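Chemist: The following comprises the amino acid sequence and a computationally predicted model.
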Amino acid sequence: MSDTLLMPKATAVWLVDNTALTFKQIADFCTLHELEVKAIADGESAQGIKGLDPVQTGQLSREAISAAEADPKKKLELSKPKVIVPQRAKKGPRYTPVSRRQDRPNAILWLVRNHPELKDAQIMRLVGTTKSTIQQIRERTHWNAANLAPADPVTLGLCSQVELDAEVKKAARARPMEAEGPTLLPAEVTTAETQESPFEPLPSSREAREPSVDAENVFARFTGSTEKDDEDEDR
């Protein structure tokens, strides 16, 4: 149960309609201004809001309401939750043992080479390093760049295989899809008008190899050979 009031305005609506508490008591309990509570009572505000019973939600008891109604100066207080739900601690920067810290540059180099899609923030989460160190290794300006050797961070014990796979999948989802294979020509190219008619037949390969035949030259050869034969017979 949270230590803050659920739906303060709806709770104020219920208290105005169902109790004899003063506007100030309701305002202090619901963290509202006293004039807001007065506007709710006059019907000028919170129209259409259904009242929320704080007794039903376990944030206020009947006894506390009765005691506050008897004493206008008494303040209402939230009831203590019966069940305490532990809050999840926020994740801080990954702690790297002192014995493993010298391996971080090698792990960063391995991640940069084998998974270039990973962002700097993802590498920082996996290895527990700083953005400036990643940038120096990318640009080969690290003070020990000549002696660095890429090493799997999972093998080095800097992160688990599950964490690495999760970050790689996350980076793959964020990466835009690349076009694969040939694509269709744009409409400007396919619909452009050309000088040659698209319906004009192209010459076949045989016609392209054979020269054009002139009928006059062919018949002239036959005529010349016939005249020569006639002269031979006359002789």
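Modeler: Thanks, I have the structure now. Numbers count the residues shown, from 1 in each chain.

Chemist: Does E34 touch Q25 like I think?
Modeler: No: at 9.6 Å, E34 does not count as touching Q25 under the criterion of Cβ atoms under 8 Å. Glycine gets a C-beta too; all of them are placed from N, C-alpha and C.

Chemist: the more surrounded of the two?
Modeler: Shown here are E34 and Q25; by other Cβ atoms under 10 Å, Q25 has more neighbours (23 against 14).

Chemist: tell me which element that one is part of?
Modeler: helix 23-29 (DSSP states H and E).

Chemist: just the helices in the protein please.
Modeler: Secondary structure of the chain by DSSP state H: the helices cover 8-18, 23-29, 34-41, 62-70, 104-114, 120-127, 131-138, 153-156, 161-174, 187-190, 205-209, 215-234.

Chemist: Just want the angle from the fourth one to helix 8-18.
Modeler: Translated: helix 62-70. In terms of direction (axes from the mean of the first three to the mean of the last three Cα atoms, to 10 degrees), helix 62-70 departs from helix 8-18 by 70 degrees.

Chemist: Likewise for the fifth one?
Modeler: With the same axes, to 10 degrees as the basis, helix 104-114 and helix 8-18 are set at 100 degrees to each other.

Chemist: Just the buried residues of helix 104-114, please?
Modeler: R104, P105, N106, A107, I108, L109, W110, L111, V112 (16 or more other Cβ atoms under 10 Å).

Chemist: Lowest mean pLDDT across the helices of the chain, which one is that?
Modeler: Note on the helices of the chain: lowest mean pLDDT is at helix 205-209, with a mean of 53.

Chemist: domains of this structure?
Modeler: The chain breaks down into these domains under automatic domain parsing: 8-70, 98-174.

Chemist: With distance to K80 added, can I get the ones you listed in a markdown table?
Modeler: Below are the domains of the chain laid out as a markdown table (distance: least, Cβ to Cβ, whole Å):
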| stretch | distance to K80 |
| --- | --- |
| domain 8-70 | 10 |
| domain 98-174 | 38 |
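
Chemist: To E77, which of those domains lies closest?
Modeler: domain 8-70 (7.0 Å; Cβ to Cβ).

Chemist: ends of that closest one, how far apart?
Modeler: 23 Å (Cα to Cα, to the nearest Å).
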